Structures are given as structure tokens and as C-alpha cells.
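Trainee: Sequence first, predicted coordinates after that:
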Amino acid sequence: ADYSPPPPHDATFARGGTSRLDGTMTQLVALRERGERLDEQDVRRIVDLYDGEVAFADEQVGRLLDALRERGLERRTLVVFTADHGEDLHQHNAYFFHSPSMYSSSLAVPLVLSWPGVLPEGEATDHPASLVDVAPTVLSLLGLPVPSFFQGHALLEGGRVPREAARRLAFSETSGRIFGARTPEWRLVYNPEKLTPPAPGGP
């Protein structure tokens, strides 16, 4: 949970200025508990550290892809890149992290599939999808059976993005008390208790 990229990525995106923040959850929680507001430089410091973490992750993915190429496995390997959540960086309700958020900053994640010679390059879609769709999609691409108890759908047809989305609705929830549903055109958030979810340091 700490924003702590390893060197040199801890300074890659530093934009100068001074900030009291070190990127630790402990410090951010303590500031919220005391009701202290963060100024623009403090928020920028956290965003810069987060961007450094993304750059470090990108570097590791690059190492993996290089290793596949060096071993001649690139065309025999289905690469799937995704994430379990995004991140709130003070855009909404002064949230950092992601667990309290029902916003797209935390709910929208990439799903990138690459298999040279099998999947077309550069095809993209904004069809609704859910993390439960990842396993059925991978299994179907590999020609393996999808267990009947899986809740997800295979997102591709013959390795291509279909004209009609495989699912019409994608669901989300937080704390088991706020629920969301999304279509290509709309997003519904159902918050019957009118909760402001707890974030590190308070609601």
C-alpha cells in the first residue's frame, strides 16, 4: 500500500518543490486522522511516486517480454496483462489507495492480450468486461473447456473482438454495501445507506 518505487524510479517523475510526504500509508492515515489537508505539492508528490511504481512495473513487463523473444517463445505464448484495481490519487473525496472507491479511477483496469500470429494487433474496444471474464477468455483462446460454474464470459470470438459485447453489464461493489453496474453508455451506483466509505484515516 505504500507508494514506494525503488530507485531510480522514486525520482523519475519528481517535479521539484518541497513536500512533507514520504508516500507511506502510515503518514497519510495520520494526516487524515488529524484532519490536515494536503496542498498541491503534497498531492503531486504522491502522484509522482505512484507514476514511479507504474514505470517500475513497466520495466519488469519489458524484461519478461524480452526474455520470451530471446528464447523464441514469443509466438508460442499468450501474454495477458491486467490488474485487480486502479487507484484513486486524491481526485475524489480526497481518497488515496482504492478500497473505498466506486469511481472509474479505481474500477477501470486494462486488459491487454498479445499472441503474435494468433491475435490481431492494435484492436481495441471499450466493451464492458469484468475480472471474472479473464479466465474464460484465456481458456477459450487456448482451446480448453470453460467450467460450467464460471460466472464470466469469453470476451473474444475466434480471437477477435465481437461487434456485440460479450456482456451488457459489469458489476462492482465496495464493503458489501455500495453496488455498481455499468453498460457501454451508463453507470449506476446504488448506495441505499448513503455511505461515504471509510478511507485510510477516516470517511
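Mentor: Thanks, I have it.

Trainee: Could you list the low-pLDDT ranges of the protein?
Mentor: Low-confidence segments of the chain, defined by pLDDT under 70: 198-203.

Trainee: which helix in it runs the most residues?
Mentor: helix 40-70 (DSSP state H).

Trainee: So which elements touch the helix or strand following that helix?
Mentor: With elements assigned by DSSP states H and E, the helix or strand that comes after helix 40-70 is strand 79-82. Counting contacts by 3 or more C-beta pairs under 8 Å, 6 or more residues apart in numbering; DSSP states H and E, strand 79-82 is packed against helix 40-70, strand 111-114, helix 134-141. Bear in mind the C-beta positions are built from the backbone N, C-alpha and C, glycine included.

Trainee: Including distance to residue 192 and mean neighbour count, could those go into JSON lines?
Mentor: Shown next, in JSON lines, are the helices and strands packed on strand 79-82 (distance: least, C-beta to C-beta, whole Å; neighbours: other C-beta atoms under 10 Å):
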{"stretch": "helix 40-70", "distance to residue 192": "32", "mean neighbour count": "15"}
{"stretch": "strand 111-114", "distance to residue 192": "30", "mean neighbour count": "15"}
{"stretch": "helix 134-141", "distance to residue 192": "30", "mean neighbour count": "18"}
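
Trainee: Tabulate these (JSON lines), appending distance to residue 100.
Mentor: Shown next, in JSON lines, are the helices and strands packed on strand 79-82 (distance: least, C-beta to C-beta, whole Å):
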{"stretch": "helix 40-70", "distance to residue 100": "16"}
{"stretch": "strand 111-114", "distance to residue 100": "24"}
{"stretch": "helix 134-141", "distance to residue 100": "24"}
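
Trainee: Specify the stretch among these that is closest to residue 164.
Mentor: Across those, residue 164 has its closest neighbour in helix 134-141 (15.6 Å, C-beta to C-beta).

Trainee: Okay, buried residues for the next helix-or-strand element following that closest one please.
Mentor: From helix 134-141 onward toward the C-terminus, using DSSP H and E, the following helix or strand is strand 170-174. Residues 170, 172, 174 are the ones in strand 170-174 that count as buried (16 or more other C-beta atoms under 10 Å).

Trainee: Stretch 121-132 too?
Mentor: Buried-residue list, stretch 121-132, by 16+ other C-beta under 10 Å: 127-130.

Trainee: Of those residues, just say which sits nearest to residue 81.
Mentor: Closest approach between the buried residues of stretch 121-132 and residue 81, by C-beta to C-beta: residue 129, at 13.7 Å.

Trainee: Correct me if wrong, but that closest one is in a strand.
Mentor: No: counting by DSSP: H, G, I helix; E, B strand; the rest coil, residue 129 is located in no strand; its state is coil.
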